[in-house]
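*Asks:* Here is a sequence with its predicted model. Questions after.
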Amino acid sequence: MDCLLMRHGIAVERDEWDGSDGDRPLTVRGEKRVAQAVGGLGRLGVQPTHVLSSPLTRAIETAKIAHSSLRVRSAIQIVDALLPDAPPNQLLSILRDLPPGSCVLCVGHEPQLGMAASVLLCGRPTTSFSLKKAGACLIELRALAKPGQGVLRWWLTSGQLRTIAKRKTEAGD
């Protein structure tokens, strides 16, 4: 199984938003950068079979952009295991229920995504890993989603993903 962790894009600042934090949407710039970063994912050959998203608006919007651009056939699943303060083991439980050959895109927030990555890669939660907005990492899980059993394939910022999309497009791919 491939587990692709992606942080939501740039959202409206908290002090500029009158509603609840969970309802903060992506900015126009955030939507554009997510679309460009997802273009990089496509150029890397990422083809998710499942998309999981945090229930917060900015994550759902990011997941929708990725879902559409990468032409994922299954519906987006909204899961509380991707909320910013969710314990990383909740996500591992969900991953264990997916078919072994799956490629799952998980769209969420920091610090939860970094903690989940650290559990998959190192076997324990740590704050040493973090994803930038619209950044992503690909972790290969050769067996069931067990702590410390993941293999890091790549960890890229949004800027790196956008560059990959642009370079490949310019090269005529």
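*Replies:* Yes, it's here.

*Asks:* So, low pLDDT: which residues of the chain?
*Replies:* Across the chain, the ranges flagged by pLDDT under 70 are 168-173.

*Asks:* can you give me the strands for it?
*Replies:* Taking DSSP state E, the strands of the chain run over residues 2-7, 50-53, 76-78, 103-108, 136-141, 150-156.

*Asks:* Please identify the most buried of those strands.
*Replies:* When those are scored by mean count of other C-beta atoms under 10 Å, the highest mean neighbour count falls to strand 103-108 (a mean of 27). (C-beta placed from N, C-alpha, C; glycine too.)

*Asks:* tell me, how many neighbours does the residue lying closest to S53 once chain neighbours are set aside end up with?
*Replies:* Leaving aside its chain neighbours, S53 sits nearest to A63 (3.7 Å; criterion: C-beta to C-beta, 6 or more residues apart in numbering). Per other C-beta atoms under 10 Å, the neighbour tally for A63 reads 26.

*Asks:* contacting residues for A63?
*Replies:* Contacts for A63 (C-beta atoms under 8 Å, 6 or more residues apart in numbering) come out as 51-53, 76, 105, 107.

*Asks:* That one and L141, how far apart?
*Replies:* For A63, the distance to L141 (C-beta to C-beta, to the nearest Å) stands at 20 Å.

*Asks:* that older thread, now that we have the strands of the chain, can you turn them into TSV and tack on distance to G42?
*Replies:* As requested, those are exported to TSV (distance: least, C-beta to C-beta, whole Å):
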stretch	distance to G42
strand 2-7	12
strand 50-53	14
strand 76-78	17
strand 103-108	12
strand 136-141	12
strand 150-156	13
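
*Asks:* Report the angle between the longest helix seen in the chain and strand 150-156.
*Replies:* Ranked by residue count, the top helix of the chain under DSSP state H comes out as helix 28-43. Angle of helix 28-43 versus strand 150-156, following axes from the mean of the first three to the mean of the last three C-alpha atoms, to 10 degrees, is 130 degrees.

*Asks:* Go through helix 28-43 and flag the buried ones.
*Replies:* By neighbour count on 16 or more other C-beta atoms under 10 Å, the buried set for helix 28-43 is 30-43.

*Asks:* Much appreciated, bye for now.
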